[in-house]
Structure formats: C-alpha cells, structure tokens
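> Sequence and predicted model, in that order:
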2 protein chains.
Amino acid sequence: MRATTLHGLKDIRFTEVADPVIEQPTDAIVKVIASCICGSDLWNYRGDNDITPGMTMGHESLGVVEEVGSSVSSFRKGDTVIVPFCHCDNTCPNCTFGAQSACVHLGFTVSGQGEYARVTQADGTLYRIDADPAPELLPSLLSLSDVMATGWHAAVAAGVRPGGTAVVVGDGAVGLCGVIAASMMGAEKVVAMSRYADRQKLATAFGATHVVETRGEEGEAEVLELTDGVGADAVLECVGTDQAMRTAFAVARPGSTVGIVGVPHGVQLPVHRMFRKNVGLAGGMAPVRRYLDDLLPLVLDGRINPGLVFDKTLPLAAVAEGYQAMDERTAIKVFLQP
Amino acid sequence: MRATTLHGLKDIRFTEVADPVIEQPTDAIVKVIASCICGSDLWNYRGDNDITPGMTMGHESLGVVEEVGSSVSSFRKGDTVIVPFCHCDNTCPNCTFGAQSACVHLGFTVSGQGEYARVTQADGTLYRIDADPAPELLPSLLSLSDVMATGWHAAVAAGVRPGGTAVVVGDGAVGLCGVIAASMMGAEKVVAMSRYADRQKLATAFGATHVVETRGEEGEAEVLELTDGVGADAVLECVGTDQAMRTAFAVARPGSTVGIVGVPHGVQLPVHRMFRKNVGLAGGMAPVRRYLDDLLPLVLDGRINPGLVFDKTLPLAAVAEGYQAMDERTAIKVFLQP
C-alpha cells in the first residue's frame, strides 16, 4: 500500500510500504477513508522525539473494515468504523475503570495516514457508524478518533461543571475541542487562551465567552481578572509544554483541578504550589473509546461540529504539504482524503 | 508565657516568651489545654527547613478562649474550642470552594506547644465543643486540629469509595489516620504500608485489612499482588518524600488518584507515568475546618478513636523529650499536657 512515512527531520514522504496484515486473531484491517495530521505528529517531524527512519505515520482515522481476525465477532468486512487512536479490549480492569488508554492490551494505530491500518483488539476498539456517512460529516466523525475525544477528556479530567468557569490553555485543535467540551458541559465562562485570529474566531464559534491573547504572567493576570481574582474552577491544559503547564497551574483556583491531555515535554510539575493551593492534576492520554457513546450523538445531531478544526484539506499523496502547513501554523489541522 | 522554642539543630527548649496578644480585631487568644508534636515539626528539628532561632513551635491545639478581638462575634472567653492549624475566615471564595487551607486570610497557629496561642480569623477558624470534655476524649479531639483531618483529606482527595481498595503510604500518625478515613469511607480492602510492629498493630485496629512491610519495588510488587495485579483504586500518600511518592504512583491503578498530604520534600512528580496511566494527583495542605462538622460526631460517638495515635504523654515542660522520642521513632506521636 501507499502510506505516509517519516525519514528524518521534516522529511515526510508518501511511499510504498508493506500492507498491514492480521497478526493476531483479535486484529482487523481497516481501509482508511479519512485521516489527518495531529499536533503530536509534529514532535516526531521536528526531531523532538527519537524516530525510526521510514516509520509509517498517523493515528487518527475513519475507515471501512477490510478483514477481521478469526476471533473478531462484532465487526465484519464492509462496516464503517471510527478507529480510536488507542486500541483497547474494553473489557480489562483498566478499561472497565474508564482507563481504556491504559488497557492491558493497549495498541495504537500506526499507519492512519496510509491506505490501510491494522487495528488490534478490534472488538473492543472499533465503533460502528452508518455506512456511507454524509461527506460533510466526515471531518467531525474523524475527530472522534482522537482530537475531539481528547478535548473532552481534558474537560472531564478538569471537572468542568455547569455554571462554572473553565480556562483552556492551548489553541491547537485539541484546545479548540476542549472549548467545545467545556461549553457543552455547561461552563458559564469559557476562557480560550489564543494568540491567533483564526483560532480565536473558531474558539468563539465553539463557545468561548472570552479570549485572552497574552501569554506568560501577563496572560495569567488577565485570566485572574476575568475570574474575580480567584482563578478558574477548571483548567484544561492542551499543549504539554512546561510554560503551558505553569500557566495552567497559575490560573487554577485553590481546590480545582488541571486536566492535562498534551503529551508532556520537558515538564516539571509545580508540586509545592499544587500542595499549598490544593490544585490537583488529572488526565493523560485520552481513553477515546469511553466517550464515543456520548460524543457520536452530539455529532450526528449537529450539536457539536468539531470538524471545523480542519481548515485545510489535502489528498493523502500531498501529506508532506500538510505537515509543513501545520509546522508553520498556516493550518490548524489538516484533513487527508485517500 | 512559657512555650516550646527551637534554637538550632535538635535544640528544643521550654522557655519564657512574650505572651501572644490580639493584633487584629478578628483575632482570639486561646489558652492551650492540649497540644502535641507533628511529624512536620521534625523537618525543622532536624534542620531540613530554615529556622529562626528562638521561634515558637506547635500548630496543633485544643484550647479555651481567653480573649477575643473586637470584631469576633461567635466566640467568647471560656469557650472550649478545636483550633485548626490553618486559620481561615471560612467565607472567602477559596473557603466556600472547600479550600480553607488556601483562605485569602490564611494564618497558622505558631505557639501551639505553649501556654497560649493567637488565632487569626477566629470566627471562621475555631470550632466550639462542650466545655470540660472527658479527659479520655482529649487526644481524639486534639487530633481534629490537624492529624485526623489531614488523614481524612488524603482519603477525600484520593477519592476513596465504598467497596474499593485503598493503599496508605506512610505509617506515621497521618497515615494511621488515613487508614481510619479509608475504612470509614467504606473501602473494602485497606492496605497499610508499615515496617513497624506497633504501627502495624494500630493500623489493623484502625481498619487496615492488609499490612505490607516491605518498601520500594518489593513493597510495590506486594501491593500489586494484593490488588489483582491492577493497583489500588485510591492511594493516600502521607509522607512527602520522593520515595513515598514514587511508591504511591507505582501502586495506583490507571485512572485513579493519589491523594497527597505529606509536605513535599525533594519530590519530582512522575509526570510521564501519570500521563500514560491517567493517574491523577489531588490534595495538599488539609482544609481542616471543612471537615469538622463530619469528624466531631464520629469522635463523640466513639466511631473513630484517632487519639490512639498518641502513644506517649508528657508535660509540656518535657517537650524536648517528646521531640527526641519522635525523632528516634520510639513514639508515634507525643501528646502534651499543660
């Protein structure tokens, strides 16, 4: 098949690789009908993580089941499915405790930006949707494989409550989905911290009631002013850098929780401040499968439209252009069509 | 008055100092009728914190109101009171959010191991109890000024639930009170990590269903075995050292929360593990006042007897002997009488 591969610093190619095959009886092979580029792919692209040259890329995808292993009983060839980026059996003690992203049989989609992808633990992982979804729904449905579910997880972890205040640190696609989540969960004041006009506009469309453009101490002071000098009831940290984390803890009111979903890079948690102020931390890699029963109806009813985070669409063969656009921030998130 | 003072490394004296006086109209002066030594006093005693030579010591006390400031309306001379170690107005946004230990008017008892103590924000801080409590109740009542409320906070922060498993890291007085709390909150399996026979015995009396004697990786493996290889539903970290924190996160099941109440010393939070396993952290300095409505009846009804953590009683004048005993671990916690 043809798939996106990474060969070195900012060296993305669309090349011929071996087809994924059923390796375990619990596997399925899915033909990808929509995929995209994730902010976390940029860590590899920019050389911030160790990579294996030639590795396939992409963990977000929507697909049609092509083949299933002998023990897969809930899906068959032809089913249209959401493919959560983290694969889980959905029956182990971690899954039943709501931590599907720490399933004892955890797996990941590794060729989502390709023609086919192998899904481990297919019965537990996949989520069936109607065949031939309307094309305009594809972006939002695709977002359920990761980005929307991740923003939702940040809000759940932060304990967003009706009538409260929520601050979203980070205006990438995950942060924007965090705004959707905080708004849907009934936060009365949703503050989006964002420097870019296009993202601010989207945040407002998604339910942000306030936008804070400044960063660091200046931004923190502005958020405190918006929250009566007290700080926010819930903070969603959707970046993963040390500065974002510091800001998150600086604007979280005593007794609140910072919900984290950005993969931590170079982060030192401010344990003394956390202790003194009783500010907790929750979250982590999103247990996507856990939220699909809640999120799919919201998409199908049109109550949320997270697909709007895709502001650039490219054919899969032009994936390198997509990486460049996201790296240079000329696109928020790039939608890829086969 | 005479009070406990610290003059240098392990140099505790009982000396004459200036009487505390009403400094603000919201203050009260309390005559101390019972006090004790806290594990956190040992950080100062052992030279692990910077100290001011001659500083008075003690933040846990039970007392009788001696004098109140002009704006104190809920208490008067002669009232017998629990004095939460952290003083709060109990009306500010942080207090009403349940974070009384981050009150905007936060204060602390600083001469609890003395004849008198100044209490700031007396109306919000103090908690009246019956005059002349039975002598045998004094230790448990005193424990509500800090140690029992702190153990309770660890269990609340960790989210102990009926029928679940709870692990308590630390067998000091706070950890032992954490065992009481986890047990009262209905945890079915309460694992106390303790190396000392006397503390193990007390933990068992307090409701621990299992004791793990080993430490580090060995102890962690033992806890995992006791929790079906999954880890605990709730972990109470009652020490504050890096090793204790590591153990806490190692035995916390994915999706659970570590409740911390030990003042962190040299702690590096394992942010990558927390992220990967979705293990959260909550807690901090205990909002003592918040829990007294719940805890006092439990003590008065005899449903909990946290006073048993005091295994040595001394006259205040012999306080130096008490510090030595706790430093050498020949006493769990020392009760001081005027």
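Okay, I see it. Numbers count the residues shown, from 1 in each chain, chains lettered A, B, ... in the order given.
> And A:D293, its phi and psi?
phi -60, psi -30 (degrees, to the nearest 10).
> What is the neighbour count of it?
Each residue near A:D293 was counted by other Cβ atoms under 10 Å in any protein chain shown, and the total is 9. In this view, the C-beta of every residue, glycine as well, is placed from N, C-alpha and C.
> The helix or strand hosting A:A154 packs against which elements?
Element membership of A:A154, judged by DSSP states H and E, is helix A:147-158. When contacts are defined as 3 or more Cβ pairs under 8 Å, 6 or more residues apart in numbering or on different chains; DSSP states H and E, helix A:147-158 sits against strand A:165-169, helix A:173-184, strand A:232-237, strand A:252-260, strand A:280-283, helix A:288-300.
> what does the stretch 51-200 of chain A put close to chain B?
Residues of the stretch 51-200 of chain A lying near chain B by Cβ under 8 Å from any Cβ of the partner chain: A:93-94, A:97-99, A:101-102, A:157.
> top of the residues you listed by neighbour count?
Busiest of these [other Cβ under 10 Å] is A:S101, holding 30 neighbours.
> Might you report the residue contacts of A:V167?
Each residue near A:V167 by Cβ atoms under 8 Å, 6 or more residues apart in numbering or on different chains is listed here: A:191, A:193, A:223, A:227, A:232, A:234-236, A:248, A:251-252.
> which one of these sits closest to chain B?
A:T227 (9.5 Å; Cβ to the nearest Cβ).
> Name the residue closest to the centre of chain A, please.
A:V147 (2.4 Å; Cα atoms, centre = their mean).
> sorry, back to before: rebuild the residues of the stretch 51-200 of chain A next to chain B as JSON lines, extending it with distance to A:A318 and secondary structure.
Shown next, in JSON lines, are these (distance: Cβ to Cβ, whole Å; DSSP: H, G, I helix; E, B strand; the rest coil):
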{"residue": "A:P93", "distance to A:A318": "44", "secondary structure": "helix"}
{"residue": "A:N94", "distance to A:A318": "39", "secondary structure": "helix"}
{"residue": "A:F97", "distance to A:A318": "42", "secondary structure": "coil"}
{"residue": "A:G98", "distance to A:A318": "38", "secondary structure": "coil"}
{"residue": "A:A99", "distance to A:A318": "37", "secondary structure": "coil"}
{"residue": "A:S101", "distance to A:A318": "31", "secondary structure": "helix"}
{"residue": "A:A102", "distance to A:A318": "35", "secondary structure": "helix"}
{"residue": "A:A157", "distance to A:A318": "36", "secondary structure": "helix"}
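> circling back to that earlier point, nearest to A:G107, of the contacts of A:V167?
Among the contacts of A:V167, A:L236 lies closest to A:G107 (Cβ to Cβ), at 26.7 Å.
> re earlier: tell me the confidence at the residue nearest to the centre of chain A?
Looking at A:V147, its pLDDT reads 98.
> And for A:D48?
89.
> For the closest residue in space to it that isn't next to it in sequence, which residues are in contact?
Counting by Cβ to Cβ, 6 or more residues apart in numbering or on different chains, A:H265 is the residue found nearest to A:D48 once chain neighbours are left out, at 6.6 Å. Each residue near A:H265 by Cβ under 8 Å, 6+ apart is listed here: A:43, A:48, A:240-242.
> Filter those down to just the buried residues.
Buried subset of those (neighbour count, 16 or more other Cβ atoms under 10 Å in any protein chain shown): A:240-241.
> quick one: least confident of the contacts of A:H265?
Minimum pLDDT across the contacts of A:H265 is recorded for A:D48, with 89.
> any idea how far B:P270 is from that residue?
20 Å (Cβ to Cβ, to the nearest Å).
> Report how many residues lie close to A:L42.
Neighbourhood size, A:L42 [other Cβ under 10 Å]: 16.
> give me every residue that touches it.
A:323, A:326-327.
> Of those, grab the buried ones for ChimeraX.
Only the buried members of the contacts of A:L42 enter the following ChimeraX selection, criterion being 16+ other Cβ under 10 Å:
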select /A:323,326,327
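> Could you say which helix or strand holds A:L142?
Using DSSP H and E, A:L142 falls within helix A:138-143.
> Check the offset of that helix from the chain's centre.
Distance, stretch centre to chain centre, for helix A:138-143: 12 Å (Cα atoms, centre = their mean, to the nearest Å).
> tell me what it is packed against?
Looks like helix A:138-143 contacts strand A:28-36, strand A:61-68, helix A:288-300, strand A:334-337 (3+ Cβ pairs under 8 Å, 6+ apart).
> quick check: mean pLDDT across the last one?
If you average the pLDDT over strand A:334-337, you get 98.
> quick one, what contacts A:D130?
A:T80 are the contacts of A:D130 under Cβ under 8 Å, 6+ apart.
> now do 10 Å
Applying Cβ atoms under 10 Å, 6 or more residues apart in numbering or on different chains, we find A:D130 in contact with A:80, A:137, A:141, A:300.
> neighbours of the closest residue to the last one other than its chain neighbours, just the number please.
Taking Cβ to Cβ, 6+ apart, and ignoring the residues beside it in sequence, A:L300 has A:L137 as its nearest neighbour in space, at 7.6 Å. Neighbours of A:L137 under the rule other Cβ under 10 Å: 17.
> before we move on, back to that, Serialize the contacts of A:V167 to TSV and add fields for pLDDT.
Listed next are the contacts of A:V167 as TSV, based on pLDDT from 0 to 100:
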residue	pLDDT
A:V191	98
A:M193	98
A:V223	97
A:T227	96
A:A232	98
A:A234	98
A:V235	98
A:L236	98
A:A248	98
A:V251	98
A:A252	98
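> buried subset of these?
By neighbour count, with 16+ other Cβ under 10 Å, these hold A:191, A:193, A:223, A:227, A:232, A:234-236, A:248, A:251-252 as buried.
> Now the closest residue to chain B within the stretch 101-250 of chain A: closest residue in space that isn't a chain neighbour?
As assessed by Cβ to the nearest Cβ, chain B sits closest to A:A102 within the stretch 101-250 of chain A, at 3.4 Å. What sits nearest to A:A102 in space, not counting adjacent residues and going by Cβ to Cβ, 6+ apart, is B:P254, at 3.4 Å.
> hang on, that neighbour packs against A:C88?
No: if you go by Cβ atoms under 10 Å, B:P254 and A:C88 don't touch, sitting 11.1 Å apart.
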